[in-house]
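Asker: Starting from these lines, generate the structure:
(one chain, ligands or ions: 1)
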Amino acid sequence: MASDRVPMGRMFIDDEMLDTANRILASGQWIKGPESKAFGAEWAEYCGALSGTPCSNGSVALIAALHSLDVGVGDDVIVPSHTYIASATCISLVGANPVFVEIEEDYYTLDRDAVEAAITPRTKAIIGVHLYGQPIATEVFELAKERGIPIIEDSAQAHGTSLNGKRAGSFGDIATFSFFPSKNMAVGGDGGAILTNRQDLVQRVSTFIDHGRSDKYRNDSLGTNFRLSEIQCGVGRVQLRHLDNWVARRNQIAARYSAAFTELNHLKIPKVRDGAVHAWHQYVIRVGDRESFQAHMNSMNISTGIHYPIPCHLQPVYSEHPQGQRGSLEYTEAVCDDIVSIPVMPLLTDDEVQRVIDAVISWTP
Ligand SMILES: Cc1ncc(COP(=O)(O)O)c(C=O)c1O
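Answerer: This is a model prediction of the structure:
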């Protein structure tokens with residue numbers, strides 16, 4: 001009998017989540033209640049940040065972060081091109097210009113020297129992405145500090161990532177998270193959060209997502225409705241209690257993969273930065289001939305993904321951008337041409353992990 005397909009993701013839904021959702025639904029307090037306050041505080045505490053504000057998703061979290069830093073028309077914001085499109089489009093949506101830079105060869109996160117080379121007097125902020133769950137290099141934060149440029153950590157893929165004992169979300173001026181269903185932690189729908197370590201931003205962030213309101217009928221500053229519902233905040237609080245176990249399981253699976261693939265010279269396997277706990281949102285390998293690799297995995301009934309096949313600067317939305325042609329960021333472009341993600345979610349069984357290993361090993365390019 002053919003074996004079941006190994007998927008890239010599998011939902012975690014337990015009785016506590018269902019009971020929580022029912023309880024909050026029945027309470028009639030669906031927004032702006034105790035769950036969002038508690039979830040914001042618990043998430044900030046987990047990450048080691050000063051304050052946390054749940055919001056509708058990771059994309060608007062980035063817009064709120066830029067707005068809170070007064071980034072707007074005519075400003076430049078440095079961002080890697082190798083990331084999910086939301087890391088870049090948030091910049092354009094506030095009227096600023098994304099300046100795309102290269103990533104480090106081994107870690108796929110911002111390259112410190114590339115950032116330095118891109119800084120000009122117009123640079124108003126830097127968005128760094130802890131891509132796949134790998135933490136951004138400390139040197140990037142040191143550079144930003146030296147130059148007095150605020151840094152936003154796009155931590156959408158970094159729930160549970162840490163570097164030298166500090167968690168993602170606590171390194172920069174402001175950090176954003178996504179709780180999209182496939183992320184390391186979810187909230188039963190779209191969801192996000194904004195964390196900050198700066199006392200002067202706490203109020204700005206928390207009121208921006210609620211119409212800049214200081215009172216029911218009083219709006220002190222520009223804002224809008226980016227709130228997250230009480231049910232989702234309650235579900236997020238339950239999921240948060242599982243996060244460390246899930247990250248540990250992701251690390252166990254990643255360690256098995258890396259041990260099994262280390263001799264396969266036709267693959268480039270991911271490295272972990274010294275001092276880091278990688279959150280393994282994705283386990284991404286470089287394979288050369290991606291089409292052949294994916295066809296092989298598919299024939300073995302194993303799902304794969306690509307994160308991401310088109311770098312931001314080559315997306316049609318940026319066809320008019322000064323960097324919007326091939327050759328602008330050669331390393332990023334080469335990476336996007338041959339990366340592939342294999343299943344690493346915590347609910348994989350040990351047998352499924354072995355099937356993935358056997359399938360990868362049996363592929364010949
Ligand atoms: C790096 C990165 N930034 C931002 C986002 C946007 O998050 P959301 O889908 O919750 O809007 C994502 C989600 O896929 C992401 O991976």
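
Asker: switch to C-alpha atoms for all contacts and neighbour counts from now on
Answerer: Will do.

Asker: Break down the stretch 151-300 of the chain into its helices, ranges please.
Answerer: 199-208, 230-261, 290-299 (DSSP state H, counting those that start in this stretch).

Asker: Not counting the lengthiest strand in the chain itself, show me its contacts.
Answerer: Counting by DSSP state E, the longest strand found in the chain is strand 123-129. The contact list for strand 123-129 (CA atoms under 8 Å, 6 or more residues apart in numbering) reads 71, 75-80, 83, 87, 109-110, 136, 144, 149-156.

Asker: Looking at the residues you listed, which are in helices?
Answerer: Among these, the members found in helices (DSSP state H) are S87, A144.

Asker: Determine which of the helices of the stretch 151-300 of the chain approaches the ligand most closely.
Answerer: Across the helices of the stretch 151-300 of the chain, the ligand has its closest neighbour in helix 230-261 (13.1 Å, CA to the nearest ligand atom).

Asker: Can you name every helix or strand that that closest one contacts?
Answerer: helix 15-27, helix 34-47, helix 350-362 (3 or more CA pairs under 8 Å, 6 or more residues apart in numbering; DSSP states H and E).

Asker: nearest to E230, of the ones you listed?
Answerer: Closest to E230 of the helices and strands packed on helix 230-261 is helix 34-47 (CA to CA; 5.5 Å).

Asker: Just the C-alphas of the closest one, formatted as CSV.
Answerer: The C-alpha coordinates for helix 34-47 follow below in CSV (Å, rounded to 0.1, in the frame of the first residue of the first chain):
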residue,chain,number,x,y,z
PRO,A,34,-8.3,40.7,29.3
GLU,A,35,-7.0,38.1,26.7
SER,A,36,-5.3,40.7,24.4
LYS,A,37,-3.7,42.4,27.4
ALA,A,38,-2.5,39.1,28.8
PHE,A,39,-1.3,37.8,25.5
GLY,A,40,0.7,41.0,24.7
ALA,A,41,2.3,40.9,28.1
GLU,A,42,3.1,37.1,28.0
TRP,A,43,4.5,37.3,24.5
ALA,A,44,6.7,40.3,25.4
GLU,A,45,7.9,38.5,28.6
TYR,A,46,8.7,35.3,26.6
CYS,A,47,10.8,37.3,24.1
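
Asker: now for that helix, which elements pack on it?
Answerer: Packing partners of helix 34-47 (3+ CA pairs under 8 Å, 6+ apart): strand 51-55, helix 230-261.

Asker: which of the residues in that helix are buried?
Answerer: Buried residues in helix 34-47, counted by 16 or more other CA atoms under 10 Å: E35, S36, A38, F39, G40, A41, E42, W43, A44, C47.

Asker: what sits up against stretch 102-115?
Answerer: Residues outside stretch 102-115 that contact it (CA under 8 Å, 6+ apart): 78-82, 101, 128-131, 134-137, 139-140, 143, 270-273, 329, 331-332.

Asker: 7 Å - rerun?
Answerer: For stretch 102-115, contacts defined as CA atoms under 7 Å, 6 or more residues apart in numbering pick out 80, 101, 128-131, 134, 136, 139-140, 271, 329, 332.

Asker: can you narrow those residues to ones near the ligand?
Answerer: Applying CA under 6 Å from any ligand atom to the contacts of stretch 102-115, one finds that V129 fall near the ligand.

Asker: returning to what we had before: can I get the helices and strands packed on helix 230-261 in CSV including distance to L62?
Answerer: CSV is the format used below for those (distance: least, CA to CA, whole Å):
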stretch, distance to L62
helix 15-27, 27
helix 34-47, 16
helix 350-362, 34
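
Asker: Could you export those helices as CSV, including distance to L163 and mean pLDDT?
Answerer: Listed next are these as CSV, based on distance: least, CA to CA, whole Å; pLDDT from 0 to 100:
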stretch, distance to L163, mean pLDDT
helix 15-27, 30, 98
helix 34-47, 12, 98
helix 350-362, 27, 98
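
Asker: Give the bridge partners for the closest residue to T207 other than its chain neighbours, please.
Answerer: Take T207 and drop its neighbours on the chain: the residue closest to it by CA to CA, 6 or more residues apart in numbering is R213, 5.8 Å away. Per DSSP bridges, the residues bridged to R213 are N219.

Asker: R213: what's it in contact with?
Answerer: Contacts of R213 (CA under 7 Å, 6+ apart): T207, N219, D220.

Asker: related to what we said a few turns ago, of the helices and strands packed on helix 34-47, which stretch is the most buried?
Answerer: Greatest average neighbour count among the helices and strands packed on helix 34-47 goes to strand 51-55 (a mean of 29), per mean count of other CA atoms under 10 Å.

Asker: How about residues contacting it?
Answerer: Under CA under 7 Å, 6+ apart, the answer for strand 51-55 is 36, 40-41, 43-44, 61, 191-197, 202, 206, 209, 226-228.

Asker: One more pass at 6 Å, please.
Answerer: G40, A41, A44, G192, A193, I194, L195, T196, S206, F226, R227, L228 (CA atoms under 6 Å, 6 or more residues apart in numbering).

Asker: That one pairs with which strands, and in what direction?
Answerer: strand 192-196 (antiparallel).

Asker: do you know which of the helices and strands packed on helix 230-261 lies nearest the ligand?
Answerer: The nearest among the helices and strands packed on helix 230-261, by CA to the nearest ligand atom, is helix 34-47 at 15.8 Å.

Asker: Can you tell me what sits against the closest one?
Answerer: With CA under 6 Å, 6+ apart, helix 34-47 has contacts from S51, G52, T53, P54, R167, G169, E230, C233, G234, R237.

Asker: what about the closest residue to the ligand within the stretch 201-350 of the chain, how many residues close to it?
Answerer: At 8.8 Å from the ligand, H307 is the closest residue in the stretch 201-350 of the chain, using CA to the nearest ligand atom. Per other CA atoms under 10 Å, the neighbour tally for H307 reads 18.
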